[in-house]
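Peer 1: Sequence and predicted structure below; questions after.
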Amino acid sequence: MKAIWKGVVLAESDKTIMIENNHYFPRDTINKEYFNPSDTHTVCPWKGLASYFTLNVNGKENPDAAWYYPEAKYAAKEIENYVAFWKGVEIVE
């Protein structure tokens with residue numbers, strides 16, 4: 001699977017985990033140069049506290065377009081530190 005935004009591959013892996021229609025990519029498969037930490041956090045009742053990244057590709061920003069769970073709750077431990085995308089990021093095979 002590939003995560004693509006503005007024609008750039010943000011992440012690529014054949015070991016994504018699908019939960020709630022989102023592909024979660026292993027953290028070591030993201031191209032870190034395009035990711036900037038965000039101060040945004042949200043809470044999922046069963047996954048825990050999510051942290052976000054703002055994407056920066058060729059001078060274009062996509063705020064909070066990627067998220068992950070640094071300390072996932074027990075029910076979601078398999079996706080701890082895996083990264084998922086939204087806000088126009090395409091997920092393709």
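Peer 2: The structure has been received and is ready for your questions.

Peer 1: mind listing what the nearest residue to E80 once chain neighbours are set aside touches?
Peer 2: The shortest distance from E80 to any non-neighbouring residue, by CB to CB, 6 or more residues apart in numbering, is to A72 (4.0 Å). Glycine gets a C-beta too; all of them are placed from N, C-alpha and C. When contacts are counted by CB atoms under 8 Å, 6 or more residues apart in numbering, A72 touches K47, G48, I79, E80.

Peer 1: Contact partners for the first one?
Peer 2: Put plainly, it is K47. Applying CB under 8 Å, 6+ apart, the residues near K47 are Y69, A72, K73, A75, A76, I79.

Peer 1: Turn these into JSON lines, columns for distance to P37, secondary structure and pLDDT.
Peer 2: Converted to JSON lines, those look like this (distance: CB to CB, whole Å; DSSP: H, G, I helix; E, B strand; the rest coil; pLDDT from 0 to 100):
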{"residue": "Y69", "distance to P37": "14", "secondary structure": "strand", "pLDDT": "98"}
{"residue": "A72", "distance to P37": "18", "secondary structure": "coil", "pLDDT": "98"}
{"residue": "K73", "distance to P37": "21", "secondary structure": "coil", "pLDDT": "98"}
{"residue": "A75", "distance to P37": "25", "secondary structure": "helix", "pLDDT": "96"}
{"residue": "A76", "distance to P37": "21", "secondary structure": "helix", "pLDDT": "97"}
{"residue": "I79", "distance to P37": "18", "secondary structure": "helix", "pLDDT": "98"}
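
Peer 1: Good, wrapping up.
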